[in-house]
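Asks: Structure, please.
(4 chains)
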2 protein chains.
Amino acid sequence: MRTLPEGMREKVLAAAELIADHGLDATKMEDIAATTGVPKATLYYYFEGKEDILAFLFTEILDEVGRAVDNAMRTNGTAADRLRAVVVAQLRVVEAYPAASRALQFDLGRAARTPLIDEQVESAYRRPLRRLLEEGVDDGSLRPVEHPGLVATAVLGAVATAGINAIAAGPRRSADEVAGDIVALVIDGVGA
Amino acid sequence: MRTLPEGMREKVLAAAELIADHGLDATKMEDIAATTGVPKATLYYYFEGKEDILAFLFTEILDEVGRAVDNAMRTNGTAADRLRAVVVAQLRVVEAYPAASRALQFDLGRAARTPLIDEQVESAYRRPLRRLLEEGVDDGSLRPVEHPGLVATAVLGAVATAGINAIAAGPRRSADEVAGDIVALVIDGVGA
DNA sequence: ATGAGTTTAGACTCCGAGTACAGATCTGTC
DNA sequence: GACAGATCTGTACTCGGAGTCTAAACTCAT
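Replies: Numbering: from 1, shown residues only, chains lettered A, B, ... in the order given. Below you'll find the predicted structure:
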């Protein structure tokens, strides 16, 4: 993928909606050209193909998540406090990029097969969560778990699934409205 | 889709592995024919097309989840007890159908866009969870949450994501090994 | 004005989904 | 056994869309 010129980024981001609605394979290059306003030949000049466009969209949103999570990790307070902040940060990105988030969930499988994307998911989502779980044991704000990696994956699944299906789709709630329940689930569970 | 004759079901289930590995669109009808041993013309005799085969796979696994969850719901004990049983039941199905589970996650978007499949996800996963959350408030075993539907989605996301990525893929742990951490997360959270 | 990089239209190749159909094989019925 | 109908399968076909190629137009620095 060539580096995009001024303005091209925003145009191409508009393809997210299309892809989220129909899935990548049902989306024709012609359609992407039509909705983004970037001619097909130009798309092929900048991107390797359809998958590359999808990878670009994912990279954009995962970069954003990475930055937001990084900031949340830097706040001071207990690990539990930072865990709350990380979850809220992730939900806010879903709110900011609803179409790309939906596309990401829908074409997750493809995403996971691209090593670069996979690594981004790892570093933006799973690794920080896992680190927090470990730090929380040290500072006493979180309880120890048997498999931290597994629990990190579960938390990621909970936040992403709920976020996407309640914010970017379905009831279209705000991130803040959703955050309470999700944070409470992660920290306290649903037990009485 | 015509009703399948004796033995055809098992053969076609073998396609799950293929689809889970490469995704549906990268999987050629010829490939499915080759790995299942069912000739392409015969596949088209029984199924409308590729999507129909995928829908069949999803329906099979979702039926299974539906049955397992149903049984778990029928056990006696508090809502919290049954919630534990439901989560374990869902993890066991992932363990029993790893390839189909991976395929489901891989082509999640397609599943969500197919009304019949979507309804099955709803009735096998989300509705029971939501009902348990409500019953748990009544019997005092679970705490009330603001949006039960949202929390049900989050729990589904946690269980499915962790199950698929730790049982059907990645570390390939057993359902029982994974269940402890996941159940604990859902009921008690990770807070100290 | 020249040349390098960018942008685009349009025509082309190639692959794979799905179709058509005819022949083969199986199943029951008289 | 012979026939009718359904089931099964090989082969040849159409058609749409991904990606390629080329050449022309346009931009912009020197």
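Asks: residues in contact with A:Ala89?
Replies: A:Val65, A:Ala68, A:Val69, A:Asn71, A:Ala72 (Cβ atoms under 8 Å, 6 or more residues apart in numbering or on different chains). Heads up, the C-betas are built off the backbone N, CA and C, glycines and all.
Asks: did I read that right, it in a helix?
Replies: Yes: assigned with DSSP: H, G, I helix; E, B strand; the rest coil, A:Ala89 falls within a helix.
Asks: per-residue confidence at it?
Replies: The model reports A:Ala89 with a pLDDT of 97.
Asks: A:Gly170: neighbouring residues, count only.
Replies: 13 (other Cβ atoms under 10 Å in any protein chain shown).
Asks: Please give the element, helix or strand, for it.
Replies: Following DSSP states H and E, there is no helix or strand that holds A:Gly170.
Asks: ok, so what distance separates it from B:Gly66?
Replies: 21 Å (Cβ to Cβ, to the nearest Å).
Asks: Test my guess that A:Ala14 contacts A:Ala33.
Replies: No: using Cβ atoms under 8 Å, A:Ala14 is not in contact with A:Ala33, being 11.3 Å away.
Asks: Those two - which one has more neighbours?
Replies: A:Ala33 (17 against 14).
Asks: Stretch A:33-53 and DNA strand D in contact?
Replies: Yes: shown here: stretch A:33-53 in contact with DNA strand D (Cβ under 7 Å from any atom of the strand) through A:Lys40, A:Ala41, A:Tyr44, A:Glu48, A:Gly49, A:Lys50, A:Glu51.
Asks: does DNA strand C sit close to that stretch?
Replies: Yes: applying Cβ under 7 Å from any atom of the strand, one finds stretch A:33-53 touching DNA strand C at A:Val38, A:Pro39, A:Lys40, A:Ala41, A:Thr42, A:Tyr45, A:Tyr46.
Asks: pLDDT of that stretch, averaged?
Replies: On average, stretch A:33-53 scores 97.
Asks: and if you look at stretch A:117-131?
Replies: Mean predicted lDDT for stretch A:117-131 stands at 95.
Asks: Dump it to CSV, keeping only the CA atoms.
Replies: Only the C-alpha atoms of stretch A:117-131 are listed here, as CSV (Å, rounded to 0.1, in the frame of the first residue of the first chain):
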residue,chain,number,x,y,z
ILE,A,117,-3.5,-6.9,12.1
ASP,A,118,-3.3,-9.8,14.5
GLU,A,119,-0.3,-8.2,16.2
GLN,A,120,-2.2,-4.9,16.5
VAL,A,121,-5.2,-6.6,18.1
GLU,A,122,-2.7,-8.2,20.5
SER,A,123,-0.9,-5.0,21.4
ALA,A,124,-3.9,-2.7,21.5
TYR,A,125,-6.3,-5.1,23.3
ARG,A,126,-5.0,-8.2,24.8
ARG,A,127,-1.5,-7.4,26.1
PRO,A,128,-2.6,-4.3,28.1
LEU,A,129,-5.5,-6.2,29.6
ARG,A,130,-3.2,-9.0,30.6
ARG,A,131,-0.6,-6.7,32.1
